[in-house]
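Visitor: structural data only, the sequence is not supplied:
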């Protein structure tokens, strides 16, 4: 299984805390714990040519992980259309945290993906679907502190499956782990992962991302997308 | 629109607090605020003949509201099958609070409807689908205290629509307002409503129940349920 | 209730059959039978200024009906974004036939909306959810001939509700009537309606479109779309 | 992976055609082609003690396949409750053809599971979700003739995923392959498989059943089903 980890990699340049927590950047850190899971990983960032998301890379990617925040707008629409096409053709997509407002996630959902937010909250993640493959090895609940609060209403289509829900000490709740299918591709959104919080260092978060990647891995990818005129197959 | 409010009416006999809060019993109280909404209401309880759920009553009911707790087991299976039949034939069903473990709700869901629970919690109900008809006139969140905590994982099938979610001060979260369709009937489950808590006196809870009843009201009811042998309609 | 009927109105200019079947164009014809249902209707077409879909018009529209085919690409992206915004803010959307490939439907679905197709088929539409409001007054099945065959696989997200399915004499099947919710808006797609076929003159098709419009009518429209930073509402 | 194939095994006793097509009975035949797929298979029938569905057998079963027709009523309610419990605890369930009216399938769906029917039809099965694991290796469509027509409306809850749809020469359509999740268990219903038709000998049908079994195989099974009182995990 081949995974591409995309991170806009902008905060890393100006907020020292991010690289203290995640040496090499969020993308490098995530790639690191994925590799330990026997997965072939490459990384790509906003500043790479074509955002590192060339046809060559995408054609060879089973699952794309996406982290973005301050630079959603700087991902060219052409690249977003290309990524969307590959998802609809089979490539899996795992969207993390502030990626809720990425062009690619919003394009696949068809909604605003809006929410309420506040930094420095205490979160308790609950496992709502304990026998879902993405919840394999995850306890009934676990704490992330500090983490950025994301609160309902979350502007998403009703999930195909709600796997995790979040409780926040300021009174909010959130559908923190949700799945959808779009075309031939599977999509998993997971809410934790603010750039200056240590959630990606949490063993359960790491396990969920690994599980999510395996879950999103397609049977086939690069399936042609066609809208053909056809002759009858029955004679009536 | 004709509504039947069913309550097992057992706690009312032994816990004075219930009738202090809800004079005449939970069923009478709910019927009271529904009548103010220009709805034709009748009540029925466990101790009535056939639990008050005769074919005559059910045939004439657009929406059935169900509250039960300590006596789920005492509702005869035959009555449950009858009620289920009417729901599948079009009658709407609004299930409140501890009704999650009623035979009728479990039969229509096909699942355990299990959850975690604890008395005397502070709950904040969040409106997750603000433009849903059941959320009409409901604020973005409101507090119920004290109310009984119901916590995930909630043993339900993925809802067709999640309308409300609950936050509890002990750290739990819950899908507090959910809809499903079963056959020709619409079902709304709403979590608040412990017998010794004042939630049914809360203006938002009352509005939600009224909205839920209107939402669940069918186009047609008493639709025959058949599995017919048929002749071809096309000649191939 | 206020409805806007949008039709690209291009075939009408070059294919005489279209205006023979639908005097004034598809939009005028549909508006005609909607008005008979006591609905306030306006029409808009591609050649109008801003496609007739100004903020003023959209703000005042409860449900937008969309028919397009040969000119999807000529609807400016800016107009599509605007319409999408109004749907997510509450405006209902009914998409007819070749509108499956409209920019607006594809944007709200997040998928290709691809299918197989062939002209001059015999179709039998089956009512799969007979007690759904959109199926009110519709028989268990009815024939449309000739109609354009649309065949699975249909590149849509799993519908929230499948209301109609189509059988075609060439051996194909299709999910011909489907609903989704996107943000605050409700969406109904209905497959029949090829420009040179008489389906819009069929009493059942007319009833379905009327029902669909009523179903898609929102509780509220023009709901602001925000992603706010918020202060805690609980003190933990 | 361990599979138990349950067949009521009644037609086999009185209709010679069944054992001509399926030597040893439908259960033995299905077990045969599953074993060729490197799966540990056992069979069980109505006439076995406890229908062959003892706690010992079910505890050791990853996926149960169910075929029944003329003897649904003779499966004791106690056994049905037991099987339901194991599904909700994680055991996968694949229901074939006339099993749509089995007590276990109806109990898990909560609906009538009614349909229209007629023998000796020509069916074309369409693959609606080509990249679904259950559709692996299945062509875009294939013919089964003769097969028993099952026609909409099909009295099921909206599927989580529609994988296959059927076209019948008499004009009917059907959602022929559908998935749901109930509790910790995954359920796949597949429509072909009339006892005197050769569909189980069809290579695509065999592949679909094999795929379905693999898809339904749980991460964990025998998960305890509890509804516990809990202490707070947060201090508010």
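Guide: Cool, the structure landed. Keep in mind the model is a prediction, meaning the values are calculated, not measured.
Visitor: can you give the contact residues for the longest helix anywhere in chain A?
Guide: Among the segments of chain A that qualify as a helix by DSSP state H, the longest is helix A:203-216. Residues from elsewhere that reach helix A:203-216 (C-beta atoms under 8 Å, 6 or more residues apart in numbering or on different chains): A:1, A:3, A:30, A:33-34, A:37, A:39, A:63, A:65, A:92-94, A:96, A:125, A:133-139, A:142, A:144, A:164, A:177, A:179, A:185-188, A:190, A:192-193, A:199-200. Placement of C-beta: from N, CA and C, glycine included.
Visitor: mind giving me the ChimeraX select for those residues, buried ones only?
Guide: Buried members of these, defined by 16 or more other C-beta atoms under 10 Å in any protein chain shown, are picked up in ChimeraX with:
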select /A:1,3,30,33,34,37,39,63,65,92,93,94,96,125,134,135,136,138,142,144,164,177,179,185,186,187,188,190,192,193,199,200
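Visitor: so which of the contacts of helix A:203-216 also contact chain B?
Guide: When contact is defined as C-beta under 8 Å from any C-beta of the partner chain, the contacts of helix A:203-216 do not meet chain B at all.
Visitor: give me the three-state assignment for residue A:222.
Guide: At residue A:222 the chain is in coil, as set by DSSP: H, G, I helix; E, B strand; the rest coil.
Visitor: ignore the last one, residue A:163
Guide: Relying on three-state DSSP, one would call residue A:163 strand.
Visitor: residues contacting the residue lying closest to it once chain neighbours are set aside?
Guide: Nearest non-adjacent residue to residue A:163, counting by C-beta to C-beta, 6 or more residues apart in numbering or on different chains: residue A:177, 4.1 Å away. Going by C-beta under 8 Å, 6+ apart, residue A:177 touches A:125, A:128, A:134, A:162, A:163, A:164, A:165, A:188, A:189, A:190, A:191, A:208.
Visitor: which element follows the helix or strand encompassing residue A:177 toward the C-terminus?
Guide: Element membership of residue A:177 [criterion: DSSP states H and E] is strand A:173-182. With elements assigned by DSSP H and E, the helix or strand that comes after strand A:173-182 is strand A:185-190.
Visitor: any residue of that following strand touching chain C?
Guide: No: in terms of C-beta under 8 Å from any C-beta, no part of strand A:185-190 sits within range of chain C; the closest distance is 9.2 Å.
Visitor: what strands flank that strand, and is each parallel or antiparallel?
Guide: strand A:92-96 (parallel), strand A:173-182 (antiparallel) (DSSP bridges).
Visitor: surely residue A:79 and residue A:50 touch.
Guide: Yes: using C-beta atoms under 8 Å, residue A:79 is in contact with residue A:50, at 6.3 Å.
Visitor: looking at those two, which is more packed in?
Guide: Set residue A:79 next to residue A:50 and count neighbours by other C-beta atoms under 10 Å in any protein chain shown: residue A:79 wins out with 18 against 15.
Visitor: residue contacts, the more buried one?
Guide: Taking C-beta under 8 Å, 6+ apart as the definition, contacts of residue A:79 comprise A:50, A:51, A:53.
Visitor: residues in contact with residue A:227?
Guide: C:101, C:112, C:114, C:115, C:116, C:117.
Visitor: ah, wrong one, I meant residue A:42
Guide: A:2, A:3, A:4, A:5, A:31, A:57.
Visitor: please narrow these to those residing in strands.
Guide: The strands, defined by DSSP state E, take in A:2, A:3, A:4, A:5 from the contacts of residue A:42.
Visitor: tell me where chain A has helices.
Guide: Secondary structure of chain A by DSSP H: the helices cover A:11-14, A:16-21, A:26-35, A:55-59, A:77-88, A:103-109, A:203-216.
Visitor: so which elements touch the fourth one?
Guide: What it means is helix A:55-59. helix A:77-88 (3 or more C-beta pairs under 8 Å, 6 or more residues apart in numbering or on different chains; DSSP states H and E).
Visitor: how about 10 Å then?
Guide: The contact analysis (3 or more C-beta pairs under 10 Å, 6 or more residues apart in numbering or on different chains; DSSP states H and E) places helix A:55-59 against strand A:2-7, strand A:40-45, helix A:77-88.
Visitor: buried sites along the last one?
Guide: Within helix A:77-88, the residues that qualify as buried are A:79, A:80, A:82, A:83, A:84, A:85, A:86, A:87, A:88, counting by 16+ other C-beta under 10 Å.
Visitor: of all these, which two lie farthest apart?
Guide: Greatest spacing in the buried residues of helix A:77-88, by C-beta to C-beta: A:79 and A:88 (15.0 Å).
Visitor: got any ranges where chain A has weak pLDDT?
Guide: Counting by pLDDT under 70, chain A contains low-confidence residues at A:236.
Visitor: go ahead and flag the most central residue of it.
Guide: By C-alpha atoms, centre = their mean, chain A has its centre lying nearest to residue A:95, at 1.3 Å.
Visitor: may I have the beta-bridge partners of it?
Guide: For residue A:95, the beta-bridge partners are residue A:66, residue A:189 (DSSP bridges).
Visitor: so who does it touch?
Guide: By C-beta atoms under 10 Å, 6 or more residues apart in numbering or on different chains, residue A:95 lies in contact with A:64-68, A:101-102, A:104-105, A:108-109, A:113, A:178, A:187-191, A:193, A:212.
Visitor: which bits of chain A sit near chain B?
Guide: Contact residues (C-beta under 10 Å from any C-beta of the partner chain) of chain A with chain B: A:116, A:122, A:124-131, A:135, A:140-141, A:143, A:151-154, A:158-162, A:164-176, A:234-236.
Visitor: looking at those, which are in strands?
Guide: Per DSSP E, the residues of chain A next to chain B map to strands at A:116, A:122, A:124-127, A:141, A:143, A:151, A:161-162, A:164-168, A:173-176.
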